[in-house]
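**Q** Model the following, please.
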Amino acid sequence: MIEVKIQDQELAQAATKGVDTFLQLVIDHTREAIGGELTSENMAQMSSKQITLIGYATLREEVMDGGFVQLIHNGYGPFFFRNPFDAAMRDWGLVELCRLMRRVKKQYIRNHDTIEKEMSDEEFMAIYEDMQIFDDFDDDFITNEEQWTEMIAHFVDEHLEEFISII
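**A** Numbering: from 1, shown residues only. Now for the predicted structure:
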């Protein structure tokens, strides 16, 4: 497991500011420890929980910014839909997120070739019209994001030693 070090004082201070600040601190330090983003090389050195945490952070950022179409177009589809990310969410207690990811996966399988191909910005924006099936998935994620992020933060807090080393 890649060692992610966070000073006890920094962790305590973030926790007093709320679950979002606490979780973001762990995410930021984990990303820093792996050089910024997930790669096949650094994933081999990370625990499955660390990988899942960075995966959730990426999912949240992409979907909140441009929906599942953007997530897939930006190359993250295989990570989320060809790996057991949904099962990890279920195991972390996020059953509804697991169900959402499984519904999105069905549409990913049907549409990923179209969404993942090279295209201009105009073509990319137009693809949203053709892929309206993802709109309800985006809405579901956005509606539940705050609750799911809080659940992730609590899971991380309850299993902190599996994510970071406190110094």
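
**Q** The strand or helix carrying Val26 - what's its average pLDDT?
**A** Element membership for Val26 (DSSP states H and E) is helix 19-34. Over the span of helix 19-34, the pLDDT mean works out to 97.

**Q** neighbouring contacts of that helix?
**A** Identification of contacts with helix 19-34 by CB atoms under 8 Å, 6 or more residues apart in numbering yields 2-6, 10-11, 14-15, 37, 42, 45-46, 50, 53-54, 57, 149-150, 152-154, 156-157, 163-164. For glycine as for every other residue, the C-beta is placed from the backbone atoms N, C-alpha and C.

**Q** Quick one, which of the residues you listed are buried?
**A** The neighbour count (16 or more other CB atoms under 10 Å) marks 4, 6, 11, 14, 42, 46, 50, 53-54, 57, 149, 152-153, 156, 163-164 as buried among the contacts of helix 19-34.

**Q** tell me which strands and helices the helix or strand following the helix holding Val26 is in contact with?
**A** As assigned by DSSP H and E, the chain's next helix or strand after helix 19-34 is helix 40-43. Of the remaining helices and strands, none touches helix 40-43 by 3 or more CB pairs under 8 Å, 6 or more residues apart in numbering; DSSP states H and E.

**Q** And the average pLDDT for helix 40-43 is what?
**A** On average, helix 40-43 scores 92.

**Q** Show me what counts as buried in that helix.
**A** Buried residues in helix 40-43, defined by neighbour count with 16+ other CB under 10 Å: Asn42, Met43.
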